[in-house]
Every structure is written in structure tokens, then in C-alpha cells.
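[1] curious how this folds, go ahead:
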Amino acid sequence: MTATRVVLGYIQARDHRLMRRVHRWRAPRWIRRWMIVATRLGDGWVWYALALGVFLFGGSGRFVTLGAGQSAAAAGILIFKLLKKASGRRRPCTLEPHCWAHILPPDQFSFPSGHSITAFAVTVSVGLFDPELLPFLLFLAASIAASRIILGMHFLSDVLVGSLIGAGLGYASFLVFSL
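    Modelled structure (predicted):
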């Protein structure tokens, strides 16, 4: 057995153990609502509202900030579509039923989390240009990422990898647009 297989097997075993715990957890009502709202905001609505806010109130650097955020998000969408198709990893909600969440997944594949990629790509790129927004955006991105696990849409590793890819794209976009 190769080292890669051993590492992937280790990650998958932990992902599945956490999935079973999460799928059986009867979360308090406020957490359920928070997770559903967070995941729905991560469908894109919050990013459109953020873009409008930056456009209207972003000052002289608004177009650079918007360009960085949109570029990071577009690159993230392209990357997660390619990786999802290549990985073919099934979603947790297709492997085991969830006890309370009945949200339909946007596609059939799990790895990596597109919501997490987009959330962190936009958060890092916009937050570095507008540091006063960064705490709010980080809370929002973390909520969106957590919601994907708690609602049974993704495994922990899907969300962690998606968040890292998104943060990297956001930082790269910030650097490019800072020139």
C-alpha cells in the first residue's frame, strides 16, 4: 500500500466517523437556523450584496476591490468544477441520511467544497483591501464552511481543502490587484 493511499484512507475514515456523528446530532433550533441561513447566503446572495455595498460605499478603491473579489471567485468556481468532476467523491448525504437537514445538494460531487472556496476567496481578497470588513467576512465564511458539514453536504476534508484553496486564490488576487 502506498503512502498516499494510507493518508487518504486515514482522512476518509475520520471524515466518515465525523459524518456519522453530525448526521445523528439533533442540533438546537438556533444552530439549525443559523446553518441553513449561512448555507443559503453562501449560494451567492451575500456575495452579490457585498459587491453592491463595495460599489456604492467602497470609495476610490472600489473597482480594484471588486475586481479582486470577482477574479478570486471566478477562479475558485472554475477550480472547484474541475476538481469535483475529477474526484467524483460522493456527498455525505448520499451515503447516510441526515436526521434533520433536508437540503438538496447543488451537484452530485463533494470534493472540494465550492461554497468554502468561494467564501474564502471573496473574504480574503475583499478583506485585505477593506480590513474593517475582515472580521465580519471571516465569521461569514467560517459559518458557510461549517454549515456545509453540519447540513451533510460535505466532509470535513472537503471544507478544509476548499477553504485553503479559496484563501490562496483570494490572497493571490489581492497581490495581483495591488500592483
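
[2] which phi and psi does Arg89 have?
    Listed backbone geometry of Arg89 is phi -70, psi 130, with angles given as degrees, to the nearest 10.

[3] what of Tyr171?
    phi -70, psi -40.

[4] list the residues that contact the spatially closest residue to it that is not a sequence neighbour.
    Spatial nearest neighbour of Tyr171, chain neighbours left out: Val124 (5.4 Å); criterion: CB to CB, 6 or more residues apart in numbering. For glycine as for every other residue, the C-beta is placed from the backbone atoms N, C-alpha and C. By CB atoms under 8 Å, 6 or more residues apart in numbering, the contact list for Val124 reads Ala72, Gly166, Ala167, Leu169, Gly170, Tyr171, Ser173, Phe174.

[5] buried residues in the helix ranked longest in the chain?
    What stands out as the longest helix in the chain, according to DSSP state H, is helix 62-87. Buried residues in helix 62-87, counted by 16 or more other CB atoms under 10 Å: 62, 65-66, 68-73, 75-76, 79-80, 83-84.

[6] other SSEs contacting it?
    On a contact count with 3 or more CB pairs under 8 Å, 6 or more residues apart in numbering; DSSP states H and E, helix 62-87 meets helix 46-57, helix 114-129, helix 156-178.

[7] mean neighbour count, those: which tops it?
    helix 114-129 (a mean of 28; mean count of other CB atoms under 10 Å).

[8] assumed Leu8 was part of a helix.
    Yes: checked against DSSP: H, G, I helix; E, B strand; the rest coil, Leu8 lies within a helix.

[9] which pLDDT value belongs to it?
    Reported pLDDT at Leu8 in the predicted model: 83.

[10] just the one 10 residues further on next, same as before
    Here the pLDDT value assigned to Leu18 is 85.

[11] and for the one 10 residues further on?
    At Pro28 the predicted local distance difference test score is 91.

[12] next up, the contacts around Pro92.
    Neighbour list for Pro92: Met19, Val22, His23, His98, Ser110, Gly152, Met153, His154, Phe155 [criterion: CB under 8 Å, 6+ apart].

[13] give me the most central residue, the protein.
    Central residue of the chain (CA atoms, centre = their mean): Ser116, 0.9 Å from the mean position.
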